[in-house]
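Peer 1: Next come a sequence and a model predicted from it.
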Amino acid sequence: MADPRPWLHVLRLVHFYNYSHVSQVRRARIGPGVSMAPNVSLRSGERVEIGARSHIGAYCSLWAGDSTGRIILGEDALLGPEVYITAANYRTAPGTPVMLQPREEADVVIGRDVWLGARAIVLPGVVIGDGCVVGAGAVVTRSLPAGSIAVGVPARVVGQRG
């Protein structure tokens with residue numbers, strides 16, 4: 001009880017939760033009936049839109065860009081646990097450390113009735129059409145047409161839904 005380190009750690013956890021969830025969720029545009037796990041992490045919440053009746057699973061991260069990159073989820077979207085969506089990425093020009101390079105930002109648009117499986121990753125500039133299913137662990141680097149089923153690294157279309 002006398003050691004202050006555990007108490008300081010609790011304070012850091014509360015601060016992080018408020019920074020990455022509570023304050024960011026307040027900034028986001030969230031439709032009615034959205035279900036979101038309490039450990040979802042958002043960045044730049046003012047550039048995040050979540051459509052009505054969507055479900056965001058445990059430990060998901062929705063990281064919009066610092067200046068322009070937006071994340072837009074359509075209605076009835078389903079994100080499995082640990083899905084990561086980012087609208088910003090660092091450049092990789094030689095001769096300059098990655099951390100010192102500017103970020104490239106591009107909107108990520110996820111259509112209506114889309115299911116992203118557990119640990120799927122969606123990179124900047126991707127548009128996922130309505131009704132798509134993205135398999136667990138897939139890395140979506142390019143846009144997907146409506147109704148497609150995509151799996152793998154990088155994600156590739158392997159079928160059509162319905």
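Peer 2: Alright, I've got the coordinates. Residues are numbered from 1 along each chain as shown.
Peer 1: next helix or strand past the longest helix anywhere in the chain?
Peer 2: Longest helix in the chain, counting residues (DSSP state H): helix 5-17. The helix or strand immediately downstream of helix 5-17 is helix 23-27, counting by DSSP states H and E.
Peer 1: next one: that following helix to chain centre, how far?
Peer 2: 15 Å (CA atoms, centre = their mean, to the nearest Å).
Peer 1: same question, stretch 126-136
Peer 2: Worked out by CA atoms, centre = their mean, stretch 126-136 lies 13 Å from the chain centre.
Peer 1: Now the terminal residues of that stretch, how far apart.
Peer 2: Taking CA to CA, to the nearest Å as the measure, stretch 126-136 stretches 17 Å from start to finish.
Peer 1: What's the mean pLDDT across that stretch?
Peer 2: For stretch 126-136, mean pLDDT is 98.
Peer 1: What residues of it count as buried?
Peer 2: Val126, Val127, Ile128, Gly129, Asp130, Gly131, Cys132, Val133, Val134, Gly135 (16 or more other CB atoms under 10 Å). In short, each C-beta sits where N, CA and C put it, glycine included.
Peer 1: of all the residues you listed, which comes closest to Leu116?
Peer 2: Checking the buried residues of stretch 126-136 against Leu116 by CB to CB gives Val134 as the nearest, at 4.8 Å.
Peer 1: So in terms of bridging, what pairs with that closest one?
Peer 2: Per DSSP bridges, the residues bridged to Val134 are Leu116, Ala150.
Peer 1: Does it touch Gly117 like I think?
Peer 2: Yes - contact criterion CB atoms under 8 Å: Val134 and Gly117 qualify, at 5.9 Å.
Peer 1: how much space is there between Val25 and Leu123?
Peer 2: 23 Å (CB to CB, to the nearest Å).
Peer 1: Identify those among the buried residues of stretch 126-136 that sit within strands.
Peer 2: Counted as lying in strands by DSSP state E, out of these, are Val127, Ile128, Val133, Val134.
Peer 1: In space, what's closest to the first one - neighbours in sequence excluded?
Peer 2: Meaning Val127. Ser143 (4.2 Å; CB to CB, 6 or more residues apart in numbering).
Peer 1: backbone phi and psi for that neighbour, please?
Peer 2: The phi/psi pair for Ser143 (degrees, to the nearest 10) reads phi -60, psi 150.
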